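J.: prediction below, plus the sequence it came from.
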Amino acid sequence: MSFRRVLIACALSCVVAPVLAGEVLVSAAASLTNAFKDLAVQYETAHPDTRILTTFGASDVVLRQITEGAPADIFASADQKAMDKAAAAQAIDPASRVNFVRNEVVLVVPSDNPRGIQSLRDLAKPDVQRIALGNPDSVPVGRYTRAALERAGSWDVVQAHQILGQNVRQVLSYVERGEVDAGFVFATDAAIMKGKVKVVQVVDTPEPVVYPIALVNREGRAPEATSFLDYVVSPEGQAVLARYGFAKP
């Protein structure tokens with residue numbers, strides 16, 4: 001084999017890494033990062049022959065990766081719209097779809113709260129200039145936030161000063177670092193930054209913040225995927241999720 005062919009073969013082997021037997025690939029919403037990493041550890045402890053490999057991002061972005069061919073066995077979304085898109089694209093097994101946790105949208109500020117923000121009404125203060133939220137076009141927390149603010153009559157104020165994040169953790173980071181005056185995140189995300197961000201209001205959303213999960217339709221889907229999904233919705237899995245602030249759906 002020529003040197004050039006050796007280089008090509010090496011490159012392909014590095015880029016197209018095979019999925020090994022006993023590996024379950026889980027693609028999930030960014031807000032599930034900490035909880036799902038813990039779920040993976042707990043599951044692997046009880047099933048030492050299985051590895052749970054996780055990837056996280058904005059639900060719409062994760063779904064797009066799946067539909068474009070990224071390998072995944074399970075998809076967990078932060079809202080119904082992203083999962084509806086997955087169903088429409090025939091990317092999931094609809095019979096496996098189940099709602100598994102509930103969350104809330106909260107208004108958060110940096111821990112020192114320099115603008116003295118206490119509620120949505122305070123976002124109209126002249127000195128409030130930067131408000132972070134997830135991009136409503138691709139981030140579930142952004143969609144929930146926009147719908148809630150439209151109903152509350154605060155959307156125009158926020159939109160005039162919006163700083164868009166590409167996922168909920170980016171929004172949280174903006175607030176934690178004091179780069180914005182306030183932001184909208186999920187309650188579970190705010191909880192992991194306790195002491196660095198302050199929740200000033202729970203935001204009432206028109207639709208409940210309920211997360212669905214489903215098996216991905218793909219050739220060669222890991223047979224262990226069904227077992228892990230069952231674990232997520234089991235009392236043991238729900239107990240892990242509850243430790244991170246998620247409620248039952």
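T.: Great, that's in hand.
J.: CA atoms for contacts and neighbours, from now on please.
T.: Noted.
J.: what's opposite the residue most central in space within the chain in the beta bridge?
T.: For the chain, the residue nearest the mean C-alpha position is residue 29 (2.2 Å; CA atoms, centre = their mean). Residue 29 has these beta-bridge partners by DSSP bridges: residue 57.
J.: residues contacting it?
T.: Contacts for residue 29 (CA atoms under 8 Å, 6 or more residues apart in numbering) come out as 56-59, 62, 76-78.
J.: could you pull out the helices for the protein?
T.: 3-15, 33-46, 59-67, 80-88, 140-152, 155-159, 168-176, 187-192, 225-233, 235-243 (DSSP state H).
J.: can you tell which of these is closest to residue 94?
T.: helix 80-88 (6.5 Å; CA to CA).
J.: the closest one to helix 140-152, inter-axis angle?
T.: Helix 80-88 and helix 140-152 are oriented at 130 degrees to each other (axes from the mean of the first three to the mean of the last three CA atoms, to 10 degrees).
J.: can you list contacts of helix 80-88?
T.: 59-60, 63, 77, 92-94, 140, 210-213.
J.: between these, which has the most around it?
T.: Neighbours here mean other CA atoms under 10 Å. Within the contacts of helix 80-88, the largest count is held by residue 77, at 29 neighbours.
J.: how about TSV for the contacts of helix 80-88, with distance to residue 240 and pLDDT added?
T.: TSV is the format used below for those (distance: CA to CA, whole Å; pLDDT from 0 to 100):
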residue	distance to residue 240	pLDDT
59	21	97
60	25	97
63	25	98
77	18	98
92	25	98
93	25	98
94	25	98
140	22	98
210	17	98
211	15	98
212	17	98
213	16	98
